[in-house]
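In: sequence first, then the predicted structure:
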Amino acid sequence: MAKSKKYTCRIVQDNDAWTAEVVRRVTAKKSVVTKSQAGFATDDEAEAWGLNEVKTLVKTANLNERNKRRAKKERE
């Protein structure tokens, strides 16, 4: 499974289908499902989707942080 400090991919089986969930760590004790998609035939498909979404979210989060730092420098 893909892991970062903030985002994790979790796979859950619902009867004969699989659900992929992207979980965001809010605090040390609290986690929230950021994205989820159901209806995958296999756990491999669900995991592939989840890993791709985690990569996308981490990339976007890093970009947002960089933009905030740059905007702060420009204001100063």
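Out: Thanks, I have it. Predicted model, so just to flag it, every value in this text is computed and none were measured. Numbers count the residues shown, from 1 in each chain.

In: alpha carbons only for contacts and neighbour counts from here, please
Out: Fine.

In: how far out from the middle of the chain is the helix or strand hosting T8?
Out: Assigned by DSSP states H and E, T8 falls within strand 7-14. Distance of strand 7-14 from its chain centroid, counting by C-alpha atoms, centre = their mean, to the nearest Å, is 10 Å.

In: and the next helix or strand past it?
Out: Next along from strand 7-14, by DSSP H and E: strand 17-25.

In: can you pull the buried residues of that next one?
Out: 18-25 (16 or more other C-alpha atoms under 10 Å).

In: can you give me phi and psi for A38?
Out: phi -110, psi 170 (degrees, to the nearest 10).

In: contact partners for it?
Out: 17-20 (C-alpha atoms under 8 Å, 6 or more residues apart in numbering).

In: what's the answer for E53, then?
Out: V22.

In: from T34, how far out is it?
Out: 10 Å (C-alpha to C-alpha, to the nearest Å).

In: so who does A46 touch?
Out: Here A46 is in contact with 11, 18-20, 40 (criterion: C-alpha under 8 Å, 6+ apart).

In: now, among those residues, which is nearest to R70?
Out: The shortest approach to R70 among the contacts of A46 belongs to A20, at 34.3 Å (C-alpha to C-alpha).

In: quick check: the closest one vs T60, distance?
Out: Distance from A20 to T60, by C-alpha to C-alpha: 19 Å.

In: and for Y7?
Out: 12 Å.

In: do A28 as well
Out: From A28 to T60 the distance is 22 Å (C-alpha to C-alpha).

In: coming back round to it: and the buried residues of strand 17-25, which is closest to E47?
Out: Nearest member of those to E47, counting by C-alpha to C-alpha, is A20, at 6.5 Å.

In: find the residue closest to the closest one in space, skipping its chain neighbours.
Out: Excluding the flanking residues, the one nearest A20 by C-alpha to C-alpha, 6 or more residues apart in numbering is I11, at 4.7 Å.

In: what segments of this protein are helices?
Out: 43-75 (DSSP state H).

In: next one, pLDDT for A2 please.
Out: Confidence at A2, expressed as pLDDT, is 50.
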